[in-house]
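K.L.:
The following block contains a protein sequence and its predicted model.
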Amino acid sequence: MTRSDETLLEVRDLQIEFSTEEGRVAVLCGLSYALPKGRVLAVVGESGSGKTVHALSILHLLPPTAYIGGGEIRYKGKNLATLGEKELRQIRGNKISMIFQDPAASLNPVLTVGEQLTEALLAHRNISKEQALQKAVLLLEKVGIAEAEKRLDEYPFQFSGGMCQRVMIAMALALEPDVLIADEPTTALDVTVQAQILRLMKELQKESGMSAVFITHNLAVAAEVADEVLVLYAGKCLEQASAEQLFKNPLHPYTQGLLNSLAPLHRKADTLPVIAGYPPVPRREIIGCPFAPRCPFAFEKCRQHCPPLFEENGRKTRCWLREDRK
Amino acid sequence: MTAPVQIKNLFKTYTRRRWLGKNWEKPVLKDISLTLEENHVLGLVGESGCGKSTLCKVLLGIEKPTAGQVWADGKEVAVLSKSEFKKLRRVMQVVYQDPYSSLDPRMTVRQILSEPLDIHGLKKNPQERNTFLKELLASVGLSDSLLGRYPHEFSGGQRQRICIARALALNPKILVADEPVSALDVSVQAQILNLLKEIKKERHLSMIFVTHDFAVARFLCDDIAVMYQGRIVERAPAEELFENPQHPYTKALLAAVPSVCAPQTEEAVVSQEWPERKDWACPFAARCPYAQEKCAQKPFELNEIFPRHACACGVRPFATEKKSA
């Protein structure tokens, strides 16, 4: 894919490693994608696939034992991977902001919601406290919190989980960022609340025209929000396609297996088709295709050489079965 | 024959005693009546905080009911003596949600699976014990070479298989499964669901299955009870519930489930998050798009509206749909 002016965020060959007692462990091996303006990319993967680590690395929020081992994260041409803390502060929260999984744990319990909402505004914009509070009221109203003015003086424990996540979204949108990174924003929520939050995020994203990276383990959630879907497995992208293509016609055996193994809601199934085996432990080095040990179609080549991403009709698939179909 | 589990007018209120002033009280279960039939899987579905896990705790005897009765295998759980209770444990076992915190990290798989046998003094002969443990592991799809390993050497799915094996060690008649797949990876959930269905069939288990996921409930359950704020709002055979949901809350829950094939419909979004108006009698009325004046007067009883299908709604906005169908 060529980098057009429209591309806001581009990740190129990103490699993330953890230093452990047993040496370096790569958790993300060469992830690449380009996020155009106004689009939503869903990164789907199981635990240990590297999806959260990738999200954290964009804004340098990795834990101390992890580091970027190679590759670039370009935001409007600037490489975030090598940017200093001072310059990064201009971008973090301002141009690129983030929402985390557990809303109750991500808010500070000893500060009022108003204080937390205005913190970023006061840090980045040259405005008075009164103006910031006014803006905060508008933001809370935008995310659908009633009696916003009154609730500014309340503490996070006085909010339900869904309400806390609305506050988190309001905080993330306070500075009108270009890119929103949402790391499993609805995983901790009930389904009815999840439906509300997904709808709210979709509306706000359309309205403001921002781009978003949406990280989730739930394929159905990805189907609800995403324009483009990237499937991660053991630190590698196995498949990337538009949401429509991917869910209608998955090409990689892993994606196929995942979609088949979901319990259907609209009919009764006798048994569920399963993917045999378990996801690999990141500690071990993988030779060949990471999915080969669980893949029903794997042959000798798969076990020895990891396939590259084969491109066809604007979608990418990391599978030797797609090799000759180019 | 008596039903494996029978619950009658169960109330549970958590109280915190205060030295001065009024005690703090939180009613969690309100007037629950349920029957788990022989060889059936009864699904308890609801959002977090609706009381489904508390119901399991009362059933397992971990919590005492505030009022009402719970019978398991024909015995009233709350009044059993210690030795009778120990006997009941052989009949009723449990699998928890998080396989990471429910296995002792310092015990090998052999020790974990032997513990229930030791407590009940079963299979004392070492050789017999050994074959039994190997068969047990095989029945949950694990290789018998894993007996000497520790829990940290296993993935989440394998751990959950060990938890299931431990629950099956005493050959129980009743299995209580509290969200057994929600902590697992997507690609492993289907394996565990198939396994639970298989062992239920093979061992003639009756099962209480707690979940928040309707798709999972449809796959595994014969009967489903939908809970909301400590009450059962609808109860029906699984297929009937999915084909013909009658309570507005059930309908809203079903519509809110995201799906890879069907885009969400308008009714998915329930208007309010938490009740704002306190004087409704029906617990769901504050979020219900069909609420009427009568919903404020007194809570609706769980009434049987079709054979085996009970619903606690006085408005019943979908009642006519059945006739046209």
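P.N.:
Perfect, thanks for sending it.
K.L.:
List the residues that contact the residue of the stretch 1-150 of chain A at minimum distance from chain B.
P.N.:
The nearest approach of the stretch 1-150 of chain A to chain B comes at A:E46, 4.1 Å away (Cβ to the nearest Cβ). (C-beta placed from N, C-alpha, C; glycine too.) Counting by Cβ atoms under 8 Å, 6 or more residues apart in numbering or on different chains, A:E46 makes contact with A:217, A:233, A:279, B:185-187.
K.L.:
What ranges does chain B have for its helices?
P.N.:
Listed in chain order, the helices of chain B (DSSP state H) span residues B:52-60, B:82-91, B:109-120, B:126-139, B:156-168, B:186-202, B:214-220, B:238-243, B:248-256, B:319-324.
K.L.:
Now tabulate those in a markdown table and tack on distance to A:S106 and mean neighbour count.
P.N.:
Converted to a markdown table, these look like this (distance: least, Cβ to Cβ, whole Å; neighbours: other Cβ atoms under 10 Å in any protein chain shown):
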| stretch | distance to A:S106 | mean neighbour count |
| --- | --- | --- |
| helix B:52-60 | 25 | 22 |
| helix B:82-91 | 41 | 13 |
| helix B:109-120 | 35 | 17 |
| helix B:126-139 | 41 | 15 |
| helix B:156-168 | 24 | 23 |
| helix B:186-202 | 24 | 20 |
| helix B:214-220 | 28 | 24 |
| helix B:238-243 | 36 | 18 |
| helix B:248-256 | 23 | 23 |
| helix B:319-324 | 42 | 10 |
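K.L.:
looking at those, which one has the lowest mean pLDDT?
P.N.:
Lowest mean pLDDT within these: helix B:319-324, at a mean of 56.
K.L.:
Is the residue most central in space within chain B bridged to anything, and to what?
P.N.:
Most central in chain B under Cα atoms, centre = their mean is B:V210, positioned 2.5 Å from the mean C-alpha point. For B:V210, the beta-bridge partners are B:L44, B:D178 (DSSP bridges).
K.L.:
distance of it from chain A?
P.N.:
14 Å (Cβ to the nearest Cβ, to the nearest Å).
K.L.:
quick revisit: could I get the helices of chain B as a markdown table with distance to A:E72?
P.N.:
A markdown table is the format used below for the helices of chain B (distance: least, Cβ to Cβ, whole Å):
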| stretch | distance to A:E72 |
| --- | --- |
| helix B:52-60 | 47 |
| helix B:82-91 | 59 |
| helix B:109-120 | 45 |
| helix B:126-139 | 48 |
| helix B:156-168 | 34 |
| helix B:186-202 | 30 |
| helix B:214-220 | 40 |
| helix B:238-243 | 49 |
| helix B:248-256 | 40 |
| helix B:319-324 | 57 |
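K.L.:
Most proximal residue of the stretch 1-150 of chain B with respect to chain A?
P.N.:
B:E47 (3.9 Å).
K.L.:
residues from the stretch 201-326 of chain A in reach of chain B?
P.N.:
With Cβ under 8 Å from any Cβ of the partner chain as the criterion, the stretch 201-326 of chain A meets chain B at residues A:217-221, A:223-224, A:247, A:254, A:257-259, A:261-269, A:271-276, A:278-279, A:281, A:294.
K.L.:
which of the residues you listed count as buried?
P.N.:
The neighbour-count criterion (16 or more other Cβ atoms under 10 Å in any protein chain shown) marks A:217-221, A:223-224, A:247, A:254, A:257-259, A:261-263, A:265, A:269, A:272, A:274-275, A:278-279, A:294 among those as buried.
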